[in-house]
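*Asks:* could you look at this predicted model? Sequence included:
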Amino acid sequence: MVRVGGYRAGFLLLIMSVLVAGCQMEHVNFTPEDASSELDTSLPDPADPNDPIDPTDPTDPVDPSAPCVTLEDFFISELWAPLMSTKCIACHNSQGAAKDTKMVLQYSAITGFLEHNLEALRDVASYQYDGESILLLKPTNQIDHAGGEIITADSPEYAALQELIFRFENPIDCVPDDVPADAFFEGVELAGPYETFRQATLLLAGRLPTVEERSYLKVGGFAALEPLLDDLLNEEGFYEWLKEVYNDLFLTDRYITGNRASNLLDGTDYPNRRWYDAEEPMHPANIMTLGQLHANRAVGQEALELIAYIARHDHPFHEVVTADYMVVNPFSAISYGVEDQVTFENITDENEFHSVQLPGIPHAGVLTSSMFLNRFPTTDTNVNRHRSRILFSFFLATDVMKLAQRPIDPTSIQEHNPTMFNADCAVCHDVIDPLAGGFQNWDAAGRYRPPDEGWHGDMLPPGYGEEAMPYPERYQSLQWVAHRIASDERFMTSTIHTLFKGLTGLTPARPPSEEETEIYAELMATYDSQDELFSSIREDFAGSNYNIKTVAKALIMSPWFRAKNIDFELDDVRMIELKDLGTGRLATPEQLNRRLTAVIGFPWRNNRTSPDNLVVNNRYRIFYGGIDSDDVIGRITDPNGLIVAVQQRMAGEVACLSVGRDFSLLRHDRHLFPFVEPSYVPDDENGFPIPQAQLSIRENIRHLHAQLLGEQLSLDDPEIQHTYDLFYETRKEGLQAISDDTVSVNVDWRCSSTVDYWSGQTLSENRRISADPDYTIRSWMAVLSYLLSDYRLLYQ
């Protein structure tokens, strides 16, 4: 479906206010329950708050040197977090005991809650009794309040309410702070703190920002972003993302199915490699069954789990090559025969990993991993040169294949040993051959087998650059090499490059070549900008004891991650410099899968127990440009016809499956439809408009734009109207089709919702969604399919 209408370039932090229908002023007697909001929105006190205002003295000036605090920021930090989200909203919500009063608050999970709640409070504050606002009199029970006394007149919350009323009457305009960009990004529009964090949470954790995080960002801006990123990078989602990024290099997920990984372990070295298939069980039946499920995967992902382990425990990241240990879970520990080395808290938890040392193996991080060595094998003639090239590429930011650009004529080679004595050959071999000697003790099957005859005499001796490896180090050759890699600045650069590509989808810029003289200056400007950033990150990386999270956070905060638009017309020069910036990169199948689950609330899969469609090879993973780490090892980054077909299939199928499921939930649990019910129709059977229903429909459309696309739109925005027109016209045509008896009054059985998705239990009659006599369910499906097809969801 082609989307009509333009987009507003800017993203606001929260959408405009939401008005609740049917609010009445009459007093309701009730007994409040001792309950609080299910959402914990407590926030740290903002640093350097605005100079307190004396609400009894309108002439009290605000200190001009103090930071300006907006009404929204003040409300969130001083009232919403300590009072209203924990006490007031327990009754003053749309379903609570005070639902029929003027003060009906919205939970912060609802997009636009801030504006709505401020508007409700502004209205209540305007009512007075004996010259005093009832917003002060009610919570202190100075006039009849069914909830009794909530605060006292000498409490900080009371003072905050006084200041809120003063701010309503005396608005304060604050000029928002911005983060300056370097000259290269002049004219480039950068995402604000909330947009940046939303993008990061979707990418790294597969979730939307929480209410507390959103509120904290409203108060603290970019100063609040850093600590929130620190917390985000401690979530399990980040470690899974890190494994995903490094598997794009290692490709060891090739072995995680069946017994492919276990079979690669030498049966002599590891006699228990397939212990879970033993005819005579070695362990209880449940452990044997779990071993069949989890042992092979843990062996296959051992190198990736080492990376996650290092990051999770804040170890220096150079342990990826220097670690004198490997990691195992309860099941792979048995495969390796080291179960006696480690005590697991939960022997059935496949995600619990601990470090161990294999007897007689000189560990050197992933370099001595059996899976890594098997994935990058050697032969009698290659003699570890392939492994050396991979090491340079992955850990030293060097593509040795580009050291010599000109083709070599094999008929011109006259030397007996060209790799050493022919200049055209030696330009590469002088680099890779010494490092190839570091792998001398590891055979083609990844086994530790030191050669009896020593290293090859027709090759350069093992070493690192110009430094030759001391002969006594030969049995620990990879350990010797690994420590030199760790102290090489290129290791830091390589790590930064890997995460930069994982976060932005961009290949790091390189200095322009001689063939690019016509656009040399433009390409150099791009390279210089990145190099300046990477140099700064290298310093921070080293200063943090090589904590990988330092790199991730710095890249997320950088303009390369945050760039989203430009505010000028590009000339040819700037077009070349900025061509890779922006939000037009196709999301990977894994990224899109996480986004869908986060914004919809349900994964896209065939049924409750099946795997997600976008992350399994026999569904859409490969069709959507993903890899299987075996036959397909390079991602497709430019969309083609097949990818577009998958996008269309996803939009239609997810809309079909999700609308009924969401309506089956209680309204406060819904991701998609918190403002409407299936019975809400824009006009009656005579065609007369129903204003309140139309308003609720528009409110929900605005919520969907924010939930799915991150758009913060006002109700009168043209995009809201376009989507409303789609809903209206779809329903109009559907009702006519029902009248003509060409369409059933019921939704397609695949789109119905009669059982709870997560538990499989049959829903009560009043929560089932199958009949659609008003054609609203299918109209909302059209709207959802429309938004799921939007590039803001499909690209990053």
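*Replies:* Yep, it's here.

*Asks:* for Ala444, give me the pLDDT.
*Replies:* pLDDT, Ala444: 95.

*Asks:* where does it sit: helix, strand or coil?
*Replies:* Of the three states, Ala444 takes coil according to DSSP: H, G, I helix; E, B strand; the rest coil.

*Asks:* which residues touch it?
*Replies:* Neighbour list for Ala444: Pro377, Thr378, Thr379 [criterion: C-beta atoms under 8 Å, 6 or more residues apart in numbering]. All C-beta spots, glycine's among them, are computed from the backbone N, C-alpha and C.

*Asks:* most neighbours among those, which one is it?
*Replies:* Thr378 (20 neighbours; other C-beta atoms under 10 Å).

*Asks:* element containing that residue, please.
*Replies:* Per DSSP states H and E: Thr378 is located in neither a helix nor a strand.

*Asks:* just give the nearest non-adjacent residue to it, would you?
*Replies:* Closest residue in space to Thr378, ignoring its immediate chain neighbours: Asn384 at 4.8 Å, by C-beta to C-beta, 6 or more residues apart in numbering.

*Asks:* wait, what's in contact with that neighbour?
*Replies:* Per C-beta under 8 Å, 6+ apart, neighbours of Asn384: Thr378, Ala436, Gly437, Gly438, Phe439, Gln440, Trp442.

*Asks:* quick one: which of those residues has the most company?
*Replies:* Going by other C-beta under 10 Å, Gly438 tops the contacts of Asn384 with 30 neighbours.

*Asks:* and the strands in the stretch 451-600 of the chain, which stretches?
*Replies:* 463-464, 467-468, 563-566 (DSSP state E, counting those that start in this stretch).

*Asks:* gap between Thr210 and Leu233?
*Replies:* 15 Å (C-beta to C-beta, to the nearest Å).

*Asks:* pick out whichever of the two has more residues nearby.
*Replies:* Between Thr210 and Leu233, Leu233 has the larger neighbour count (other C-beta under 10 Å), namely 23 against 16.

*Asks:* just checking, the more buried one touches Lys549?
*Replies:* Yes. Between Leu233 and Lys549 there is a contact under C-beta atoms under 8 Å: 4.3 Å.

*Asks:* how is the protein partitioned into domains?
*Replies:* The chain is divided into the following domains under automatic domain parsing: 236-356, 376-408+416-486, 641-794.

*Asks:* now the closest residue to Val747 other than its chain neighbours: how far from Cys751?
*Replies:* Spatial nearest neighbour of Val747, excluding adjacent residues (C-beta to C-beta, 6+ apart): Asp772 at 4.9 Å. From Asp772 across to Cys751, the span is 9 Å (C-beta to C-beta).

*Asks:* quickly list what's touching both of the two.
*Replies:* By C-beta under 8 Å, 6+ apart, the residues touching both Asp772 and Cys751 are Arg778.

*Asks:* ok, these two, which is more surrounded?
*Replies:* Between Asp772 and Cys751, Asp772 has the larger neighbour count (other C-beta under 10 Å), namely 25 against 21.

*Asks:* which residues touch the more buried one?
*Replies:* For Asp772, the contact set (C-beta under 8 Å, 6+ apart) comprises Pro678, Val745, Asn746, Val747, Arg778.

*Asks:* redo those as a markdown table? Include neighbour count, distance to Pro171 and pLDDT.
*Replies:* Converted to a markdown table, the contacts of Asp772 look like this (neighbours: other C-beta atoms under 10 Å; distance: C-beta to C-beta, whole Å; pLDDT from 0 to 100):
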| residue | neighbour count | distance to Pro171 | pLDDT |
| --- | --- | --- | --- |
| Pro678 | 19 | 40 | 97 |
| Val745 | 12 | 52 | 96 |
| Asn746 | 14 | 52 | 96 |
| Val747 | 20 | 48 | 96 |
| Arg778 | 21 | 45 | 98 |
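
*Asks:* reformat the residues you listed as JSON lines; add secondary structure and distance to Ile496.
*Replies:* Converted to JSON lines, the contacts of Asp772 look like this (DSSP: H, G, I helix; E, B strand; the rest coil; distance: C-beta to C-beta, whole Å):
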{"residue": "Pro678", "secondary structure": "coil", "distance to Ile496": "51"}
{"residue": "Val745", "secondary structure": "coil", "distance to Ile496": "59"}
{"residue": "Asn746", "secondary structure": "strand", "distance to Ile496": "56"}
{"residue": "Val747", "secondary structure": "coil", "distance to Ile496": "51"}
{"residue": "Arg778", "secondary structure": "helix", "distance to Ile496": "49"}
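
*Asks:* and these, which is closest to Ile134?
*Replies:* Pro678 (37.1 Å; C-beta to C-beta).

*Asks:* chain neighbours aside, what residue packs nearest to that closest one?
*Replies:* Per C-beta to C-beta, 6+ apart, closest to Pro678 is Thr776, 5.1 Å.

*Asks:* mind checking how far the one you found is from Gln694?
*Replies:* Thr776 is 13 Å from Gln694, by C-beta to C-beta.

*Asks:* which of these two has more neighbours?
*Replies:* More crowded of Thr776 and Gln694, by other C-beta under 10 Å: Thr776, with 24 against 16.

*Asks:* that one contacts Thr730, doesn't it?
*Replies:* No. The pair Thr776 / Thr730 is not scored as a contact, 9.6 Å apart, by C-beta under 8 Å.

*Asks:* quick one: residues in contact with stretch 612-622.
*Replies:* Counting by C-beta under 8 Å, 6+ apart, 589-590, 592-593, 596-597, 603-606, 611, 624, 626, 628, 632, 646, 649-650 sit against stretch 612-622.
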